[in-house]
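Novice: Please work out how this folds:
(chains A and B)
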Amino acid sequence: QQPVQSPQAVILREGEDAVINCSSSKALYSVHWYRQKHGEAPVFLMILLKGGEQKGHDKISASFNEKKQQSSLYLTASQLSYSGTYFCGTVSSYGKLTFGQGTILTVHP
Amino acid sequence: DVKVTQSSRYLVKRTGEKVFLECVQDMDHENMFWYRQDPGLGLRLIYFSYDVKMKEKGDIPEGYSVSREKKERFSLILESASTNQTSMYLCASSLDTYSNQPQHFGDGTRLSIL
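Specialist: Sure thing, here's the model as predicted:
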């Protein structure tokens, strides 16, 4: 079963912040985050492993709450280059990576 | 740098044809994956392979088969193409099967079945 991402789409102005959420109905071992720009391959951002850790990547960070089976991606002071579709991928006890439906992020000047 | 290469960016085929999509990776990765990407549905796993000649079904294997004769190459086969297989197809590879290694994607093949 696919994890559920919210919101489905978000529109920002440069410098604004955004949060993208990823929820699963299954217990999770890890969460992956990827970004795909239009016409390009998805690009790996980060992996969060079981343990509730938070990771950072420039002004993009993420948290993983294994009890709630949720992860959130935080984009701070957004830049035009942040535009794209963000996918979370969750790994459950079956060991399979399952992607969410994606969140379209658009950053305007 | 990691490189996953898909043989075609765009492909147009007719209903009933046998279609081959090819993917090559240069990282000596054990694991390779085929996904299809449709608007609003995200990336859905068709098949994956964790070793040469080994394969496992993903979430939507119906109508597809795969072949992995060499470690670096993973082929997706549409046995008899149908219009509902019109989609973007993405190949990926990784060092580890799932949990704690990233997947590296190719640029995708946009396949249209007429």
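Novice: Tell me the residues of chain A that contact chain B?
Specialist: Applying Cβ under 8 Å from any Cβ of the partner chain, we find that chain A lies next to chain B at A:2, A:29-30, A:32, A:34, A:40-44, A:47, A:49, A:87, A:89, A:91, A:95-102. Bear in mind the C-beta positions are built from the backbone N, C-alpha and C, glycine included.
Novice: Now intersect those with the strands, please.
Specialist: Among those, the members found in strands (DSSP state E) are A:29-30, A:32, A:34, A:43-44, A:47, A:49, A:87, A:89, A:91, A:97-99.
Novice: Please pick the buried ones from these.
Specialist: A:29-30, A:32, A:34, A:44, A:47, A:49, A:87, A:89, A:91, A:97-99 (16 or more other Cβ atoms under 10 Å in any protein chain shown).
Novice: Distance check, residue B:112 against residue B:11.
Specialist: 7 Å (Cβ to Cβ, to the nearest Å).
Novice: Then residue A:24?
Specialist: From residue A:24 to residue B:11 the distance is 34 Å (Cβ to Cβ).
Novice: more crowded one of those two?
Specialist: The neighbour count for residue A:24 versus residue B:11, taken as other Cβ atoms under 10 Å in any protein chain shown, is higher for residue A:24 (21 against 16).
Novice: Next up, the contacts around the more buried one.
Specialist: Shown in contact with residue A:24 (Cβ atoms under 8 Å, 6 or more residues apart in numbering or on different chains): A:1, A:3, A:4, A:69, A:70, A:90, A:92.
Novice: Of the residues you listed, grab the buried ones for PyMOL.
Specialist: Filtering the contacts of residue A:24 down to the buried ones (16+ other Cβ under 10 Å) takes a single PyMOL command:
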select buried, chain A and resi 3+69+70+90+92
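Novice: out of the contacts of residue A:24, who's nearest residue B:3?
Specialist: Using Cβ to Cβ, residue A:90 comes nearest to residue B:3 of these, at 26.6 Å.
Novice: pLDDT score assigned to the closest one?
Specialist: We have a pLDDT of 91 for residue A:90.
Novice: swap in the one 5 residues further on?
Specialist: Per-residue confidence for residue A:95 comes out at a pLDDT of 68.
Novice: With residue B:39 instead?
Specialist: The model's pLDDT for residue B:39 equals 89.
Novice: if I pick the most centrally placed residue in chain B, what's in contact with it?
Specialist: Chain B has residue B:34 as the residue nearest its centroid, 2.6 Å off, counting by Cα atoms, centre = their mean. Going by Cβ under 8 Å, 6+ apart, residue B:34 touches B:21, B:23, B:45-48, B:58, B:64, B:66, B:74, B:76, B:89-91.
Novice: Check which element follows whatever helix or strand it lives in along the chain.
Specialist: Element membership for residue B:34 (DSSP states H and E) is strand B:31-38. Later in the chain than strand B:31-38, the nearest helix or strand by DSSP H and E is strand B:42-51.
Novice: neighbouring contacts of that next one?
Specialist: Strand B:42-51 has contacts (Cβ under 8 Å, 6+ apart) with A:2, A:42, A:87, A:89, A:96-102, B:30-38, B:55-61, B:64-66, B:68, B:74, B:76, B:89-90, B:97.
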